[in-house]
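K.L.:
fold the following, please.
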Amino acid sequence: MHRVPRASRRCMLPRLAAGAMGALLGACASGGPLPDATAGGVAPTSQVAGEWVDVRKTTASDSTIWVLAADGDDALLTVHKGADGTRREERQHYGRWSEGRVTDSSGASVRALCFVRRPGRDAPSCDAIVLDSLRVGGAMRRRLTVRGYVGQHHTTDRVLVERPSASVAAAAPTAAPTDDAASSDSAGPAGSGEYHPRSVQPERPSVATHAGTVATGYLELETGLEHDSYPDATRGVQLGSVFKLGLAKHVQLALTLPGAAVTGIPFGVGDVSLGLKWRVSEDQPLLQDIAILPSIKFNSGGDRGTGTTDVSLLLINSRTFGPIGVDVNVGATWRSGDGTQVPQTATLWTVAAGIPISGALGWALETYGLPGTSGPAGSAPIVAVLTGPTWVVRPELALDAGVIIPVTGAQPRALYLGLVASLGRLVPR
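P.N.:
Numbering: from 1, shown residues only. A predicted model of the protein is given here:
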């Protein structure tokens, strides 16, 4: 049977409110800053938890409200008020929020608000915040200012005002919006998908990928080293890279360049592949995010590849269970050739979880399988477990390391380490 390095197996399915808010907004600030949270704390606090009206994204008939739940859940609430007085609410789940610290331009450590779409896997997006009070009609309201909020087109401060009660349905600005305010920036962390464009979207170390995509116009690199020990005592080394480019808010192009060496075969480039991930829906009540990933692998690697041209389709579901992010993938591959070197069809399933441990430290845990194949090159089913720590060094850089443990089949035992880095904007606005 022709030996396919595990990188090639991965490339087979690449981973790839209606109150008088005008008075509220026109009121003058009074009172001093509210007491600060414990320095360095990352858990949600009662001071920040609540419902916050986004001033920039609210009109007389529509309100955009950030919902920061006390348990760390993060959502976006949109309230529409019709001309006939009827009101309709739409709620979208985003991910998790927490408090943290960031360093400002003077080098001081300041209080920050952090969001993460996929806990334990994605880099959190953190912005400095200022929490103070505002007098409205004789009553005090909290005001939360998010410094340097990064939207799709502009970076500017976001002013959020405490929602006075559940009956509030709209907030009307008292002044004409600025050019920034009139931009099509995402309404808030919920469902934005591009909250911080340079925050990495790690698809490694797992075989599974997630439904997220790189921010439009930005380029991201995933690369890693793996040492494989096969059941027949042969050894292999893999050094593969994936370049991911955001083509649109829900679309990402991925170019995979695998490098591999196995006992008797010197190191070189394996089969190159291209994949296009499309997030077809997000924030669904039951399944949350769903994406599809069609791809093509070229017969370019010689002895380091399968000797075939492959077409694959991967179905992706990503969701959170409390603080844990889970990705479920199923897929199939159809290959050229007569099936004597590698099977003409193959399938894959995988379930991966990202588990927050402490701060920037997380843990990846996955089980995946390649069901048995038939034909001259058919093989028995493979099931394996992948596990190891992940570390978000900064929003633009994440590291990972771990082991792959075979459960059944010819899966090699492996050690891996790698990184994910944002290379910045490639395509101009």
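K.L.:
strand partners of whichever strand or helix holds G325, parallel vs antiparallel please.
P.N.:
If you go by DSSP states H and E, G325 is part of strand 324-335. Using DSSP bridges, the strands paired with strand 324-335 in its sheet are strand 310-321 (antiparallel), strand 345-358 (antiparallel).
K.L.:
what about L255, how many neighbours?
P.N.:
By other C-beta atoms under 10 Å, the residues close to L255 number 14. C-beta: built from backbone N, CA, C; applies to glycine.
K.L.:
again, but for T309
P.N.:
As a burial measure, T309 scores 16 neighbours (other C-beta under 10 Å).
K.L.:
also D84?
P.N.:
D84 is flanked by 5 other residues according to other C-beta under 10 Å.
K.L.:
do R88 as well
P.N.:
The number of residues packed near R88 is 11, by other C-beta under 10 Å.
K.L.:
quick one: the strands in the stretch 101-250 of the chain?
P.N.:
Secondary structure of the stretch 101-250 of the chain, counting by DSSP state E, counting those that start in this stretch: strands at 109-116, 125-136, 139-150, 155-162, 218-229, 235-248.
K.L.:
the second one: how far from the chain's middle?
P.N.:
Here the centre of strand 125-136 is set off from its chain's centre by 26 Å, with C-alpha atoms, centre = their mean, to the nearest Å.
K.L.:
pLDDT on the strand holding G325, on average?
P.N.:
In this model, strand 324-335 has a mean pLDDT of 95.
K.L.:
and that strand with strand 109-116, angle?
P.N.:
Using axes from the mean of the first three to the mean of the last three C-alpha atoms, to 10 degrees, the inter-axis angle of strand 324-335 relative to strand 109-116 is 50 degrees.
K.L.:
strand 324-335: which residues count as buried?
P.N.:
For strand 324-335, a neighbour-count test (16 or more other C-beta atoms under 10 Å) marks 324-331, 333, 335 as buried.
K.L.:
from those, pick the one nearest G148.
P.N.:
For the buried residues of strand 324-335, the residue nearest G148 by C-beta to C-beta is G325; the value is 25.7 Å.
K.L.:
leaving out sequence neighbours, find the closest residue to that closest one.
P.N.:
Of all residues not flanking G325 in the chain, R118 sits nearest, at 3.7 Å (C-beta to C-beta, 6 or more residues apart in numbering).
K.L.:
rewinding a little: among the buried residues of strand 324-335, which two are most distant?
P.N.:
I324 and R335 (35.2 Å).
K.L.:
returning to what we had before: off-centre distance for the strand holding G325?
P.N.:
With C-alpha atoms, centre = their mean, you get 16 Å for strand 324-335.
K.L.:
for that strand, list the C-alpha coordinates in CSV.
P.N.:
The C-alpha atoms that make up strand 324-335 are tabulated as CSV, following Å, rounded to 0.1, in the frame of the first residue of the first chain:
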residue,chain,number,x,y,z
ILE,A,324,-15.9,25.4,25.4
GLY,A,325,-15.7,25.7,21.6
VAL,A,326,-16.6,22.6,19.6
ASP,A,327,-16.1,21.9,15.9
VAL,A,328,-17.6,18.9,14.1
ASN,A,329,-16.5,18.0,10.6
VAL,A,330,-17.6,15.3,8.1
GLY,A,331,-16.3,15.0,4.6
ALA,A,332,-15.5,13.0,1.6
THR,A,333,-12.8,12.9,-1.1
TRP,A,334,-12.9,11.6,-4.7
ARG,A,335,-9.6,10.8,-6.4
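K.L.:
any chance of TSV for the strands paired with strand 324-335, columns mean neighbour count?
P.N.:
Shown next, in TSV, are the strands paired with strand 324-335 (neighbours: other C-beta atoms under 10 Å):
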stretch	mean neighbour count
strand 310-321	20
strand 345-358	19
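K.L.:
care to break the protein down by domain?
P.N.:
Structurally, the chain divides into domains by automatic domain parsing as follows: 6-16+203-425, 21-162.
K.L.:
W66 is in contact with T78, correct?
P.N.:
No: judged on C-beta atoms under 8 Å, T78 makes no contact with W66 at a distance of 10.8 Å.
K.L.:
got the strands paired with strand 324-335 as TSV, with distance to I405 and mean pLDDT columns?
P.N.:
Compiled in TSV, the strands paired with strand 324-335 are given as follows (distance: least, C-beta to C-beta, whole Å; pLDDT from 0 to 100):
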stretch	distance to I405	mean pLDDT
strand 310-321	23	94
strand 345-358	15	94
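K.L.:
can you tell which of the ones you listed is closest to V207?
P.N.:
strand 345-358 (5.0 Å).
K.L.:
quick check: next helix or strand after the helix or strand of the chain with the lowest mean pLDDT?
P.N.:
Counting by mean pLDDT, DSSP states H and E, the weakest-scoring helix or strand in the chain turns out to be helix 21-26, with a mean of 35. Tracing the chain C-terminally past helix 21-26 and defining elements by DSSP H and E, one meets strand 50-54 next.
K.L.:
partner strands of that next one, with direction?
P.N.:
strand 62-68 (antiparallel), strand 155-162 (antiparallel).
K.L.:
tell me which residues in the longest one are buried?
P.N.:
Taking 16+ other C-beta under 10 Å as the neighbour-count basis, strand 155-162 is seen to contain the buried residues 156, 158-162.
K.L.:
nearest to Q411, of these?
P.N.:
Closest to Q411, out of all of these and judged by C-beta to C-beta, is R158, at 47.8 Å.
K.L.:
OK, contacts around the closest one?
P.N.:
R158 makes contact with 54-56, 145-146, 149, 188 under the criterion C-beta atoms under 8 Å, 6 or more residues apart in numbering.
K.L.:
sweet, I'm off.
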